[in-house]
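Colleague: What shape does this take:
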Amino acid sequence: MFKSDTQNLLSKEKIEFYSNNGFVKIDNVLSKSELAELQSTVNDAMEAPAHFSVQTDQKGGAYYKVLNQKVNLWRDHKGIAKYVLDSKLADLALKLSGSDGIRLFHDHALLKMPGDSKPTPWHQDFPYWPMNKETSKKALSIWIALDDVDESNGCMMFLPESHRIEDLKPINLAEPTNIFEQSSSAAIPKTSPVTVRMKAGSCTFHHGLTFHYAHSNKTNKPRRALVIIYMPDGTTFSGKRHIITEGLNLQKDDRFQGELFPLVAKNS
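Modeller: Numbers count the residues shown, from 1 in each chain. Sure thing, here's the model as predicted:
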């Protein structure tokens, strides 16, 4: 279990900020020892053969230049599962979302590699997820920085209040279109993007509909992050194809549940 106390990490002001803006930064969510352990574990997991986890592109690929990504690491690596399934992080998600219970959808390591790195274009996450909107409006992600991040190596930017914009299409991150052209100008919040620089061991949470972007990596080292996607208990399957649900024989409107989508936090 993490040493960090969620009561100390998550003030009423931070919960209100998340509700109003669709994202929030939380410093020092990991201790120094936890950070060192997770850094080492992610390094090992990214190099290990994939059994249940999935590498989404190979070196030299167009998507790899945006993100070197491996999905569902927790199913192959106990060291990753220790963090992905721990109730402390999930409890933060529970409190921010206002849900009665939180389930894991999946984790993924996101590395921006040095060299020919590309920005991650402005996008929303929810259009990629195979969730029925009515049951998953509180779905969100935690983005844990495993390296110090700023504009030089791929820190995140968020557009405040953009989590109120629905029904947009997924963006091809390797060959992006302009997400701002999908929505009428009246729907775009009159807010300025916020650049979120962080020390390793800190994190952001963002709503599944929040517009976000990541700078390219101009340094000579990978920029590492571990992301965990959480969904409210009771979320149902939309029938949309997704790498996580392939081969599971889920039927449209089935609930996400069971050992592959465990309940990781709930209100007592």
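
Colleague: The longest strand along the chain pairs with which strands, parallel or anti?
Modeller: Looking across the chain with DSSP state E, the single longest strand is strand 101-112. In its sheet, strand 101-112 lies beside strand 68-71 (antiparallel), strand 223-232 (antiparallel), strand 263-266 (antiparallel), with partners assigned from DSSP bridges.

Colleague: Most tightly packed of these?
Modeller: Mean neighbour counts were compared across the strands paired with strand 101-112 using mean count of other Cβ atoms under 10 Å; the top stretch is strand 223-232, at a mean of 25. C-beta coordinates here come from the backbone N, C-alpha and C atoms, glycine included.

Colleague: quick one: which of the strands paired with strand 101-112 is nearest residue 95?
Modeller: Between residue 95 and the strands paired with strand 101-112, the tightest spacing by Cβ to Cβ is seen for strand 263-266, at 8.8 Å.

Colleague: Which residues does the closest one contact?
Modeller: The contact list for strand 263-266 (Cβ atoms under 8 Å, 6 or more residues apart in numbering) reads 85-87, 90-91, 93-94, 100-104, 230, 233, 257.

Colleague: Send me it as CSV with only the CA atoms.
Modeller: Extracted as CSV, the C-alpha positions of strand 263-266 are listed here (Å, rounded to 0.1, in the frame of the first residue of the first chain):
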residue,chain,number,x,y,z
LEU,A,263,-13.4,-3.1,-8.7
VAL,A,264,-10.5,-1.2,-7.2
ALA,A,265,-12.2,1.4,-4.9
LYS,A,266,-15.7,1.9,-3.6
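
Colleague: Would you mind checking the average pLDDT for that strand?
Modeller: Mean pLDDT, computed over strand 263-266, is 97.

Colleague: and if you look at stretch 153-166?
Modeller: For stretch 153-166, mean pLDDT is 96.

Colleague: how long is that stretch end to end?
Modeller: The stretch stretch 153-166 measures 30 Å between its terminal residues, going by Cα to Cα, to the nearest Å.

Colleague: what about residue 20, is that helix, strand or coil?
Modeller: Here residue 20 is recorded as helix under DSSP: H, G, I helix; E, B strand; the rest coil.

Colleague: typed the wrong thing, it's residue 258
Modeller: coil.

Colleague: Also residue 134?
Modeller: Here residue 134 is helix, with the state taken from three-state DSSP.
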